[in-house]
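Engineer: show me the folded form of this:
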Amino acid sequence: MDSLGMLETTGLTPAVAALDAMEKTAGVRLLQAEVNDMLGICFKIQGAPDAVTLALQAGYELAATLGGQPVTASINRPDEDAWQVIDVPREYNPLIQQDVVWIPQFEATSQSEEESNVAKRAPDALGFIETQGFTAVFQAIDTACKAAQVEVVGKEKLGGGYVTVVIQGDVAAVRAAVDAGQGQVAALGKLIAAHVISRPSENVLKLLPS
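Structural biologist: Next up, the predicted model:
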C-alpha cells in the first residue's frame, strides 16, 4: 500500500456523499469506515499518494457543502505497528444495535460473483435524509414514500439522535422524494443533511444497510 487517506466528518450523509465523490474522482479503494463518538464517521481509503490527495480534496469539499465538519489526513506507507489500530475488524455495538466498524465486504466471493451482486442491486440513485430525532425522520420517510415511487433501503444511527434513512429508485423519483421528505423535518426535529447520489459508486453500494 502506498498511502492511507482518512476523511472524518459529522453526519452519515455528508460522509457517504464524500465517499462517492472520492471514488469517482480518483482510483482509491475503501478499506473501512469507523463510527466515532462525535456524531460522525471516518472513512479510510487506500491508493497511490496523488490519487489519495485528489480524492480527499473532492470528499472534503462535498462534505463541507453538506454541513459536515470534515477533517482529512494522509499517511504515506503507514508503520506496521500503527496499522494494528488503523485496520481493525468488524465491530458491533449493542447499544445502537448495529456495526460501528463497517467493512465493504464481509464474505469472500469471486470477482464475477461480486460484480453480479453489485449489478443486481445498483439503483439509478440513492437518497439520504438525516435528522436528529426519530419522530422527524419517520415523518420524513413517510412523506418521501408518498411523494414518489421509491424503495426504502434502511436506516442507520450514529448516536446522539442522528438517524439517516436511505431510499433508492430512478433519479427523478428519488429527488422528488427527498425534497418532499426534508420539508417535514423542521417542525419535528433538526435536519442534518439531505442528498441524492446519482449512479452511486461501488463502495457506497457495499456499505448500504442490509
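Engineer: where do the helices of this structure begin and end?
Structural biologist: For the chain, helices defined by DSSP state H occupy the ranges 12-25, 49-65, 80-86, 111-120, 134-147, 171-182, 202-206.
Engineer: looking at these, spot the one closest to Gly5.
Structural biologist: Across the helices of the chain, Gly5 has its closest neighbour in helix 49-65 (3.9 Å, C-beta to C-beta). Any C-beta I mention is one placed from the backbone N, CA and C, and that applies to glycine too.
Engineer: isn't Asp99 right up against Pro89?
Structural biologist: No: contact between Asp99 and Pro89 fails when scored by C-beta atoms under 8 Å: they sit 10.6 Å apart.
Engineer: out of those two, which sits in the busier spot?
Structural biologist: Asp99 (19 against 7; other C-beta atoms under 10 Å).
Engineer: which residues are in contact with the nearest residue to the more buried one once chain neighbours are set aside?
Structural biologist: In this structure, Asp99 finds its nearest non-sequential neighbour in Tyr92, 5.4 Å apart by C-beta to C-beta, 6 or more residues apart in numbering. When the contact criterion is C-beta atoms under 8 Å, 6 or more residues apart in numbering, the partners of Tyr92 are Gln98, Asp99, Val100.
Engineer: now do Arg29
Structural biologist: Contacts of Arg29 by C-beta under 8 Å, 6+ apart are Ile45, Gln46, Gly47, Asn203.
Engineer: does it have beta-bridge partners, and which?
Structural biologist: Beta-bridge pairing for Arg29 (DSSP bridges): Gln46.
Engineer: from Ala51, how far out is it?
Structural biologist: Separation of Arg29 from Ala51 (C-beta to C-beta, to the nearest Å) stands at 10 Å.
Engineer: and what of Ala136?
Structural biologist: Using C-beta to C-beta, we find Ala136 at a distance of 38 Å from Ala51.
Engineer: could you do Ala147 as well?
Structural biologist: Per C-beta to C-beta, Ala147 is found 39 Å from Ala51.
Engineer: kindly report the same for Thr13.
Structural biologist: When Thr13 is compared with Ala51 (using C-beta to C-beta), they lie 24 Å apart.
Engineer: same drill for Ala147 and Ala51, tell me which one is more crowded.
Structural biologist: More crowded of Ala147 and Ala51, by other C-beta under 10 Å: Ala51, with 20 against 16.
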